[in-house]
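Student: Sequence first, then the predicted structure:
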Amino acid sequence: MVTTHQVEEIQNVLTDVMFIHRGRIVFGCSMEELESRYLEVMVNPEKVAAARALKPMHERQVLGRSVLLFDAVDRQQSRHLAKCAHPASPTCL
């Protein structure tokens, strides 16, 4: 078991991931499912409205840019929205 706030730094050695909030498991799945199901995209500023139309499950700001988290979104559909896109991480390809 490993605890971290930086999953992307150790994701290559993980088999499963879970999130605990106030002592309760609020999310858990295999890394395989995480990488195939969820997508985090750092959206180009002029495309934020189009990205929001895809109904992200979460949005946050990083260095003045919007980062949106999607569940089961078509990856091809979301690629045109971003400069950077990677499963579960806002890292450039």
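Tutor: Received, thanks. Numbering: from 1, shown residues only.
Student: all strands in this protein, in order from the N-terminus.
Tutor: Defined through DSSP state E, the strands belonging to the chain, from first to last, are 16-21, 24-30, 38-43, 58-62, 65-71, 82-86.
Student: Quickly run through the sheet partners of the third one, with directions.
Tutor: When pairing is defined by DSSP bridges, strand 38-43 lines up against strand 65-71 (antiparallel), strand 82-86 (antiparallel).
Student: could I get that strand in CSV with only the CA atoms?
Tutor: Taking only C-alpha atoms (Å, rounded to 0.1, in the frame of the first residue of the first chain), the coordinates of strand 38-43 have been written out as CSV:
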residue,chain,number,x,y,z
TYR,A,38,-11.4,8.5,-17.2
LEU,A,39,-9.7,11.3,-19.1
GLU,A,40,-8.4,14.6,-17.8
VAL,A,41,-7.9,17.3,-20.4
MET,A,42,-6.2,20.7,-20.1
VAL,A,43,-8.5,22.6,-22.5
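Student: How far away from the center of its chain is it?
Tutor: Between the mean C-alpha point of strand 38-43 and the mean C-alpha point of its chain there is a distance of 5 Å (CA atoms, centre = their mean, to the nearest Å).
Student: What of the first one?
Tutor: Using CA atoms, centre = their mean, the distance from the centre of strand 16-21 to the centre of the chain it belongs to is 14 Å.
Student: Output the contacting helices and strands for it.
Tutor: For strand 16-21, the contact count by 3 or more CB pairs under 8 Å, 6 or more residues apart in numbering; DSSP states H and E identifies strand 24-30, helix 31-37 as packing neighbours. (Each C-beta comes from the backbone N, C-alpha and C, glycine too.)
Student: tell me the average confidence for the first one?
Tutor: Read that as strand 24-30. For strand 24-30, the per-residue pLDDT values average out at 93.
Student: No more questions from me, cheers.
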